[in-house]
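Trainee: A structural model of the following input is requested.
(one chain, ligands or ions: 1)
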Amino acid sequence: MLKATSELRRLARQARASGAMEAILASEEQVREYLFRTHCVARASVSLMQAAARAAKARSRSDPVAAGIVDYLARHIEEERDHARWLARDLAALGVPAHELEERLPPPSIAAGVGAQYYWVQHFHPVSLFGYMGVLESSAPSVTTLKKALRRSPVPATALRTVLWHAERDPEHAGDIWACLESLPLLPRHHVALKASAEATLRLLRANGEELLARRRALGPLLRRLEPMP
Ligand SMILES: [Fe+2]
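Mentor: Modelled structure (predicted):
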């Protein structure tokens, strides 16, 4: 029998960012932008999970799916608690001061992608967030790809500490999410919500990647003009 999460796992596999890492790590400017955008997503993680935990607790007496995610969310909130702060530290290693993270508006594509998750958590069912988390936990590049790209990159490894940490730990985190979902008495409506959440997260990651590459194309002529003459 197919596992209840097999379609979600298939969707989540599409998220892996390995292909893009070499292009991102080619310049400090690209990495600053990549880390800024990763910070925009990460700064919402704990409050999103707290919203899901509150919604799940409120339903838990009469809803076994909601009751089954409360403990997982409490644990995972602790695992993710400081990640935005770690990314701010890594950005500081590239000369980006903390106040810039407060002053620059997070991209609309990220606000829309994360905002959709709040909506489904609050107004449909908190288990939907597991589609989002499953895709994000599957999106880190592999450690091998990352280390190989780093060797060729002008960017100091200190700027990639959090990215590397995720590359090492996220396969296990994704496994925890699938295991939790497999333990729940999911109904068709929950599967529909999980799939919609996972697909919206893939669209968010794709838009983010396209916007990063579009910046690179726009900056390309300028960077070439700034390169020293041979
Ligand atoms: Fe993780």
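
Trainee: Which positions in this protein make contact with the ion?
Mentor: Within the chain, the positions lying close to the ion (CB under 5 Å from the ion) are 137, 170, 173. (Each C-beta comes from the backbone N, C-alpha and C, glycine too.)

Trainee: quick one: which of those residues is most hemmed in?
Mentor: Within those, residue 137 tops the neighbour count with 23 neighbours, counted by other CB atoms under 10 Å.

Trainee: Report the contact partners of that one.
Mentor: 12, 170, 173, 174, 177 (CB atoms under 8 Å, 6 or more residues apart in numbering).

Trainee: In helices only, show me the residues of the chain next to the ion.
Mentor: Among these, the members falling in helices are 137, 170, 173 (criterion: DSSP state H).

Trainee: Tell me which residue of this protein lies closest to the ion.
Mentor: In the chain, no residue comes nearer to the ion than residue 173, which is 3.7 Å away by CB to the ion.

Trainee: Leaving out sequence neighbours, find the closest residue to that residue.
Mentor: Of all residues not flanking residue 173 in the chain, residue 137 sits nearest, at 4.5 Å (CB to CB, 6 or more residues apart in numbering).

Trainee: okay, that neighbour: pLDDT?
Mentor: Among the per-residue scores, residue 137 holds a pLDDT of 94.

Trainee: Make 187 the first number, not 1, from now on.
Mentor: With 187 as the first residue, the last one maps to residue 323.

Trainee: Figure out how far the helix-or-strand element of the chain with minimal mean pLDDT is from the centre of its chain.
Mentor: Using mean pLDDT, DSSP states H and E, the weakest-scoring helix or strand in the chain turns out to be helix 204-210, at a mean of 76. From the chain centre to the centre of helix 204-210 is a distance of 16 Å (CA atoms, centre = their mean, to the nearest Å).

Trainee: What's the first helix or strand after it?
Mentor: Using DSSP states H and E, the helix or strand that follows helix 204-210 towards the C-terminus is helix 214-228.

Trainee: Would you mind giving both backbone torsions of residue 338?
Mentor: phi -90, psi 0 (degrees, to the nearest 10).
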